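Q: how would this look folded up:
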Amino acid sequence: MELIAGDIGGTKSWLAWVDTQADATQSPRFEKHYASADFESGAALLAQFVADAAQPFPPDAAILALPGPLDAQRVVLTNLDWTLDATELAKALAIPRVHFVNDFQAAAAGVATLGEQDRIVLNPGAPRAGGVRAITGAGTGLGLAFMTPEANGWRTHPSEGGHADFAPAGAAQARLLDFLRARHGHVSWERALSGSALDDLYRFTCIERGQPLPEAVMDGALLAARAVSGDDAAAEAAIGLFVDLYGAWVGNVALLYQPAGGLYIAGGIAVHWADRLDSPRFMAAALDKGRMRSVVERTPIHLITCARLGVQGAIELARTLPAHERLNSNTAVTRSGT
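A: Residues are numbered from 1 along each chain as shown. Down below sits the predicted model:
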């Protein structure tokens, strides 16, 4: 089967064209990532990818991992002004079958494709066979999913837990909550812990330290550069606050799911700020759970450094979908000669 697999993000979209076989072997055809904001729609992005791939045959199917709650294979993306419908996209691009999954559902499936070189152990412990797994991560937004064991692998379950109400730990984070509420109204964890939140965190720490507010919007790269320079105390404080928030959130996930099979941290920020998260400060925030500290202590926690996780997970899901959702087509059967 000629398959397009995509991990569509609010900032970056990563697409791969692979030839997948029934025995799980894969032959890569073409792969490329794009700035999502360069396209007015998902259809425009996919059309550009197909043109760039320049394959001598059309795709048989596409599976796209998307940030947002799915409703009957239709989704309004959370941090991108797109609305996608799988049936409409299939017709527009003349692809026999298009299937959508939640982005962190794909990331969860991608865990099974990782090697030891793709992760950093933040909290040691042997994952328990048959234990639940959980995966979370800050990118443009804040994703969360979990996995339950089955006879032949894992079933992935999407979640919109990143939009649960933010809960501050300590006086400074309580002031942050007030600051964010004044700017956004409802304050979810994603408002405090995501790439989109970094500008707000920096402005908050500027106010806390009496520094002038920036004219430009602060992103992760600029924030890190300012912190490394040593001339911007608010930038270093904002990163420290982010690490504290991330640790607290990961500790919450450990309490919610008790993932004895492993808790995995993914997302673009984990890849770029691995040294910040692989730190005593991060784990101290994760473990700060009062009477439930021991639950987090015994949870194996891993930071994923593989930037291609979402694409790998989408390909894995295409292979392991329930029978009624399989991405088969007559075209694929004819081409394979079976």
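
Q: okay, now the unreliable bits of this structure?
A: Filtered on pLDDT under 70, the chain yields the residue ranges 22-24, 321-338.

Q: quick one: the helices in it?
A: 42-53, 86-93, 103-110, 171-184, 189-192, 198-209, 220-229, 233-257, 268-272, 274-277, 280-287, 293-297, 309-320, 330-336 (DSSP state H).

Q: and for the residue most central in space within the chain, nearest residue in space, chain neighbours not counted?
A: Centroid check for the chain by CA atoms, centre = their mean gives residue 267 as the closest residue, at 4.6 Å. What sits nearest to residue 267 in space, not counting adjacent residues and going by CB to CB, 6 or more residues apart in numbering, is residue 137, at 2.9 Å. (Glycine included, C-beta is placed from N, CA and C.)

Q: so who does that neighbour touch?
A: 104, 107, 143, 265-267, 269-270, 304 (CB atoms under 8 Å, 6 or more residues apart in numbering).

Q: and residue 315, by the same measure?
A: Taking CB under 8 Å, 6+ apart as the test, what residue 315 contacts is 3, 5, 16, 18, 20, 26, 63.

Q: can I get the buried part of those as one PyMOL selection?
A: Buried residues among the contacts of residue 315 (16 or more other CB atoms under 10 Å), as a PyMOL selection:
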select buried, resi 3+5+16+18+20+63
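
Q: need the contacts of residue 315 in a markdown table (columns: distance to residue 245).
A: Shown next, in a markdown table, are those (distance: CB to CB, whole Å):
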| residue | distance to residue 245 |
| --- | --- |
| 3 | 37 |
| 5 | 32 |
| 16 | 32 |
| 18 | 37 |
| 20 | 39 |
| 26 | 38 |
| 63 | 32 |
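
Q: look up how far residue 194 lies from the residue nearest to residue 267.
A: 10 Å (CB to CB, to the nearest Å).

Q: check residue 73 too.
A: 26 Å.

Q: these two - which one has more neighbours?
A: Set residue 73 next to residue 194 and count neighbours by other CB atoms under 10 Å: residue 194 wins out with 27 against 17.

Q: that one is in contact with residue 143, isn't it?
A: No: contact criterion CB atoms under 8 Å: residue 194 and residue 143 do not qualify, at 9.2 Å.

Q: joint contacts of the two?
A: Common neighbours of residue 194 and residue 143, using CB under 8 Å, 6+ apart, are residue 162.
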